[in-house]
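Q: Can you look at this prediction? I've put the sequence above it.
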Amino acid sequence: MARSAAKSRRAARGGAMLLVATRKGGFILKSDPARRRWRQGAPIRLGNIVHHVVLDPRDRRTMLMAARTGHLGPTVFRSADRGRSWREAARPPAFRKAGAGEKQHVVDHTFWLTPGHASEAGVWYAGSSPQGLFRSEDAGDTWEPVAGLNDHPVYSQWMGWLENGTPDGPKLHSVLVDPRDPAHLYVAMSSGGVHESRDRGATWRPLVEGLEVVEQFDASRLEFHDPHCVRLAPSNPDRLYQQNHCGIYRLDRPGEAWVRIGRAMPKSVGDIGFPMTVHPRDADTLWVFPMDGSGVWPRTSPRGRPAAYVSRNGGRSWQRQDRGLPRRDAWWTVKRQAMCADAGDPVGLYVGTSSGEIWASRDEGAAWSCIARHLPEIYAIEAA
């Protein structure tokens with residue numbers, strides 16, 4: 001723990017870097033060592049729909065960008081020099097060609113990117129819409145479908161199909177790699193629940209016990225389970241948190257049943273939202289950013305008053321954190337990939353809004369300031 005904290009302090013002295021994915025391109029922001037002043041770089045692939053930009057923590061040079069390039073369709077761009085130059089993957093994620101009598105699945109966009117285990121240099125995973133999982137072993141240049149999931153005999157039953165998914169398509173997201181075991185994977189699907197593999201994706205089993213579904217639907221059917229975001233606690237990989245369509249949950253392995261910890265949230269706010277992030281060194285501390293989940297889901301901040309909520313005891317209680325955030329008439333929300341934490345001490349928190357602002361806290365959410373305005377709609381933020 002002391003070594004981790006020392007490493008975090010050294011990283012903080014060099015400043016922070018944010019990788020931002022938006023509806024109209026990617027952006028990189030860099031801070032001074034105190035994280036007070038930020039410099040925004042020029043747009044990357046301006047005009048492209050960018051869903052995720054991620055730095056490889058193993059070499060700290062390679063970046064991947066999941067993009068949809070207008071009329072040319074979905075692809076992945078790669079940088080080997082920390083974002084100074086980019087080139088397209090030779091073979092982006094794509095479903096296998098369907099056999100006779102099979103339905104052909106076609107990637108609409110790559111949605112989620114995750115670097116592989118620390119021991120597997122060059123390995124990456126990608127989640128797509130419609131829901132599929134893909135693996136690269138050459139730093140994102142070529143991708144192969146993970147047949148154990150994409151070709152599962154009840155694929156359509158698990159995932160639903162386009163008509164059963166979210167408004168812009170069902171998505172495979174929250175691809176997690178156990179830092180202790182490269183063969184141990186988790187994924188989540190916006191129609192299909194949470195799944196676990198212990199053999200690098202050859203076989204899968206669902207992890208949905210204890211999760212609620214929308215009233216009047218059958219919780220025994222996986223297509224009615226809608227996880228919004230699943231996070232693994234970096235300091236305790238046996239603990240997972242989930243922001244779900246029906247609340248906030250925690251799972252402590254080897255347990256099988258999720259526990260709804262969002263019931264302790266204020267009733268006037270509720271526990272519906274999309275993003276969440278976990279403290280890098282304290283598995284009991286996590287943050288969420290609720291949205292208005294009433295009625296037909298306006299998908300705005302509750303009552304136009306945005307706030308983060310923090311729990312420092314694994315979800316038994318929550319505290320509102322809104323100092324510096326707009327006090328009224330802020331009708332935006334934060335998407336599932338658009339909240340993250342850095343490894344500083346104290347931890348820095350970042351949220352990107354649907355109205356193109358980035359709000360940052362240098363003190364674990366106690367106070368917030370706006371560090372970027374007038375960006376396109378923000379889809380994802382990663383602290384590098």
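A: Looks like it arrived, so ask away.
Q: Where does pLDDT dip in this structure?
A: Along the chain, the parts satisfying pLDDT under 70 run over 1-13, 159-167.
Q: what's the spacing between the closest residue to His105 other than its chain neighbours and His195?
A: The shortest distance from His105 to any non-neighbouring residue, by Cβ to Cβ, 6 or more residues apart in numbering, is to Phe95 (4.2 Å). C-beta coordinates here come from the backbone N, C-alpha and C atoms, glycine included. Counting by Cβ to Cβ, to the nearest Å, the gap from Phe95 to His195 is 18 Å.
Q: if we can go back for a sec, the residue nearest to His105 contacts Asn150, correct?
A: Yes. At 6.3 Å, Phe95 counts as touching Asn150 under the criterion of Cβ atoms under 8 Å.
Q: These two - which one has more neighbours?
A: Asn150 (20 against 16; other Cβ atoms under 10 Å).
Q: residues in contact with the more buried one?
A: With contacts defined as Cβ atoms under 8 Å, 6 or more residues apart in numbering, Asn150 is in contact with 95-96, 105, 132-133.
Q: returning to what we had before: got a list of what the residue nearest to His105 touches?
A: Each residue near Phe95 by Cβ under 8 Å, 6+ apart is listed here: 104-107, 132, 145, 150.
Q: which of these are buried?
A: Neighbour-count burial (16 or more other Cβ atoms under 10 Å) applied to the contacts of Phe95 gives 105, 107, 132, 145, 150.
Q: Show me which pair in those residues is furthest apart.
A: Farthest pair in the buried ones among the contacts of Phe95 (Cβ to Cβ) is Val107 and Asn150. Separation: 10.6 Å.
Q: Return every residue with contacts to both of these two.
A: 95, 132.
Q: count of neighbours near Ala264?
A: By the criterion of other Cβ under 10 Å, Ala264 has 15 neighbours.
Q: To clarify, my last question referred to His71.
A: Around His71 there are 4 residues (other Cβ under 10 Å).
Q: State the distance from it to Met291.
A: The spacing between His71 and Met291, counted by Cβ to Cβ, is 32 Å.
Q: Would you mind measuring from Asp282 to Arg231?
A: To Arg231, Asp282 is 13 Å away according to Cβ to Cβ.
Q: actually Gly14, not the one I typed
A: 25 Å.
Q: Equivalent analysis for His71, please.
A: Distance of His71 to Arg231, given as Cβ to Cβ: 35 Å.
Q: same thing with Ala330?
A: 25 Å.
Q: Could you do Val259 as well?
A: 15 Å.
Q: for Val347, what are its contacts?
A: 279-280, 341, 364.
Q: Now with 10 Å, please.
A: 8, 12, 277, 279-282, 285, 287, 341, 361-365, 383 (Cβ atoms under 10 Å, 6 or more residues apart in numbering).
Q: Tell me which two of these sit farthest apart.
A: For the contacts of Val347, and using Cβ to Cβ, no pair is farther apart than Ala12 and Trp287, which are 18.6 Å apart.
Q: Compare these two and say which one has the larger neighbour count.
A: Ranked by neighbour count (other Cβ under 10 Å), Ala12 and Trp287 place Trp287 first, with 24 against 21.
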